[in-house]
Structure formats: C-alpha cells, structure tokens
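**Q** take this sequence and fold it.
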Amino acid sequence: MEIKLQGIDIGISKGNIADQPGIDVVVNAANPQLAPGGGVAGAIHDAAGPQLYEECKPSAPIYPGEAVITRAYALPNQFVLHTLGPVYGRDHPEQELLASCYRSCLQLAEEHSLSSIAFPAISTGIYGYPPELAVKVVFNALLADLPKLKHLKKIKFVLFSETDLQLYEDNFKKISLG
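**A** Residues are numbered from 1 along each chain as shown. Predicted coordinates for the structure are as follows:
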C-alpha cells in the first residue's frame with residue numbers, strides 16, 4: 001500500500017527491515033547498548049556484519065526516544081538509524097518517547113540529506129507497546145513532521161507480521177481518506 005502526502009511517498013509492506021534495497025537508511029529498533037540482539041536489532045546486525053556493532057559501541061548507551069546514525073556496512077543501504085523505543089509500562093511518558101523515536105530518526109535523515117527511510121514497528125515486540133496504540137502515535141508523529149521534511153521523499157514502514165501489516169494499513173487508510 002502506498003500513498004503520497006505533501007509530496008512524500010509513504011508506503012507500508014510486510015518484509016524484513018534488513019532487506020530494503022533502494023532505501024537510503026533503515027531504522028533499527030535498538031537496545032540501549034546498540035548491541036546485536038533479537039528481533040529487528042538481531043536482523044540488522046546479522047545482515048550488516050560485526051563492523052556495525054564496532055561503530056555503535058562509542059555511541060552507547062542511548063535513552064528512550066534518542067537516535068544515532070551509523071554506516072550500514074553489508075546492508076543494501078547507506079546508513080542505519082538506531083533508536084531506542086520505550087518499554088511499555090516502565091518508561092514514561094510512553095507516547096511522547098515513542099513519538100520522539102520517529103521524530104529523531106526523521107530529523108537525522110534530514111540532517112544527512114537522505115531521500116528515503118524505512119521504519120520497523122518500534123517498541124511493539126519485547127518492549128510490550130500495544131501495537132494498536134503504537135500505530136496511532138506513529139502516524140500522528142509522522143503527520144506532524146511531514147511539513148518540516150525537505151530531503152525525504154519516501155517513507156516506508158516494513159512490518160514483520162501479517163497482523164501488524166493489517167493494523168498499519170487500516171490506520172493508514174483512515175489518514176489517507178481523512
């Protein structure tokens with residue numbers, strides 16, 4: 001599914017965030033130490049190779065809502081943006097911290113004059129953020145920041161599960177029709 005909002009192509013697809021050729025930067029749902037792990041972080045670090053973690057080490061730890069940028073190494077992208085989402089029920093205020101993840105990534109992509117970015121679902125895995133709440137935060141943050149974007153021309157959401165894909169598509173339709 002894809003639409004154009006304010007001159008920017010916004011798409012949603014099911015897939016592997018570590019396999020996004022043609023995208024300048026992919027977003028890693030990182031842990032505080034920016035280390036390899038499970039889920040998105042594991043997939044990105046595995047695909048990028050050990051050099052990624054070596055570059056990440058001096059930037060750790062990061063805190064919920066923050067983002068840092070590194071090279072992408074063996075990934076088919078130029079860069080990786082690492083952001084730490086909030087742990088639902090522990091990191092407060094969850095909504096603002098999750099929105100900050102997306103805004104921080106968009107801001108860094110703009111600062112590096114990147115034209116395309118791919119996001120996974122941040123904080124909805126082991127960090128326990130309910131996907132149906134997270135998706136509303138994601139789209140509200142995106143809509144608020146679209147007017148500020150000068151370089152980004154493509155924003156893609158890459159979801160791992162069919163359930164998340166359907167949830168994002170349903171919410172996306174409401175935005176595109178509204």
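
**Q** C-alpha only now, for contacts and for neighbours.
**A** OK.

**Q** quickly find the element holding Val68.
**A** If you go by DSSP states H and E, Val68 is part of strand 67-71.

**Q** at the geometric centre of the protein, which residue do we find?
**A** Nearest to the mean C-alpha position of the chain, by Cα atoms, centre = their mean, lies Phe119 at 3.0 Å.

**Q** gap between that residue and Ile126?
**A** 17 Å (Cα to Cα, to the nearest Å).

**Q** picking that back up, any idea which helix or strand comes after the strand holding Val68?
**A** strand 79-83.

**Q** pairing partners for that next one, with directions?
**A** strand 25-29 (parallel), strand 67-71 (antiparallel) (DSSP bridges).

**Q** just the mean pLDDT for it, thanks.
**A** Throughout strand 79-83, pLDDT has a mean value of 98.

**Q** now tell me what touches it from outside.
**A** 24-31, 34, 62, 64-72, 101, 105, 108 (Cα atoms under 8 Å, 6 or more residues apart in numbering).

**Q** now the buried members of these.
**A** Buried members of these, counted by 16 or more other Cα atoms under 10 Å: 24-31, 34, 62, 64-72, 101, 105.

**Q** the nearest residue to Glu162 once chain neighbours are set aside pairs with what?
**A** Excluding the flanking residues, the one nearest Glu162 by Cα to Cα, 6 or more residues apart in numbering is Lys14, at 6.9 Å. Judged by DSSP bridges, the bridge partners of Lys14 are Leu159.

**Q** count of neighbours near Lys14?
**A** As a burial measure, Lys14 scores 16 neighbours (other Cα atoms under 10 Å).

**Q** okay, buried residues for stretch 80-93 please.
**A** Quick answer for stretch 80-93 (16+ other Cα under 10 Å): Val80, Leu81, His82, Thr83, Leu84, Gly85, Pro86, Val87, Tyr88.

**Q** for the last one, helix, strand, or coil?
**A** In this case it means Tyr88. coil (DSSP: H, G, I helix; E, B strand; the rest coil).

**Q** which SS state does the closest residue to it other than its chain neighbours fall under?
**A** Nearest non-adjacent residue to Tyr88, counting by Cα to Cα, 6+ apart: Tyr129, 4.9 Å away. On the three-state scheme (three-state DSSP), Tyr129 is labelled coil.
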